[in-house]
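Got a predicted structure here, sequence first:
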Amino acid sequence: MSQFFYIHPTNPQARLIGQAVEILKKGGVIVYPTDSGYALGCLINNKQGVDRIVQIRQLAEDHNFTLLCEDLSEISQYAKVDNQCYRLLKNNTPGAYTFILPATKELPRRLMVSKRKTIGIRVPDNNIALALLNALQEPLLSCSLMLPNEENITQTDPEEIRDCLEKQVDLIIHGGVLEPTPTTVVDLTDDDIRILRVGRGDTAPFE
């Protein structure tokens, strides 16, 4: 049975954030709020946690996972970022974007899309998510919470999430009922910038 924390969306309680981080460090899988609905998360090196997320979402082998980062300083360890990409990221983060970038060798191979060796990177505009990342001091492996029978619809109501997943995750963070719009996905793997999905983030800076 999962724990269920009510965390204030504007002023997250440090005590509860600390408890959430401890759950993650002990191998937990959590549900937490972002600026594009709720997401599933675990630590990068938590292989069993990743397997649980894959099972909950019923993901394909080529699913592009996302690393949630507190700021740009964490990104270069796991993704290759040239000067042009860095400027684009700096001007559009935090925000409701997922950026697809070439992965570095620091990233476990099982988290890369096998053929392209890429990883999704994002810096969220959500106080609870940022507080978690600040306390964790490392990126969080993340995946939008979409149930298998409701693909492309990000879960937004933590009470409903609790009804569905309280036996499958270790913690559900209640940070309010959120907007269901997913992130805008931008492929920055080469000079030809591509919008892979139009979502909440404005596409104008990349067109």
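All right, it came through fine.

show me the contacts for the residue nearest in space to the middle of the chain.
In the chain, the residue lying closest to the centroid (C-alpha atoms, centre = their mean) is residue 142, at 3.2 Å. Neighbour list for residue 142: 34, 39, 40, 41, 65, 66, 67, 68, 122 [criterion: C-beta atoms under 8 Å, 6 or more residues apart in numbering]. No exception for glycine: its C-beta is placed from N, CA and C like everyone else's.

And residue 186, by the same measure?
Neighbouring residues of residue 186 by C-beta under 8 Å, 6+ apart: 97, 98, 99, 100, 193, 194, 195, 196, 201, 206.

which among these gets closest to residue 178?
Using C-beta to C-beta, residue 201 comes nearest to residue 178 of the contacts of residue 186, at 15.2 Å.

my read is that closest one is in a helix, agree?
No. Under DSSP: H, G, I helix; E, B strand; the rest coil, residue 201 falls outside any helix and is assigned coil.

hmm, back to that, just checking: the least confident one among the contacts of residue 186 is which?
For those, the weakest pLDDT value sits at residue 206, with 89.

Check the gap between that residue and residue 95 for me.
12 Å (C-beta to C-beta, to the nearest Å).

do residue 137 as well
Residue 137 is 22 Å from residue 95, by C-beta to C-beta.

Of these two, which one has the most company?
A count of neighbours by other C-beta atoms under 10 Å puts residue 95 above the other of residue 137 and residue 95, at 19 against 9.

And what about that one, helix, strand or coil?
Going by three-state DSSP: residue 95 is coil.

and what of the one 3 residues further on?
Classification of residue 98 by three-state DSSP places it in strand.

just to revisit the earlier point, of the contacts of residue 142, which is the most crowded?
Going by other C-beta under 10 Å, residue 41 tops these with 31 neighbours.

Touching, it and residue 29? I think so.
Yes. Residue 41 is within contact range of residue 29, at 7.2 Å (criterion: C-beta atoms under 8 Å).
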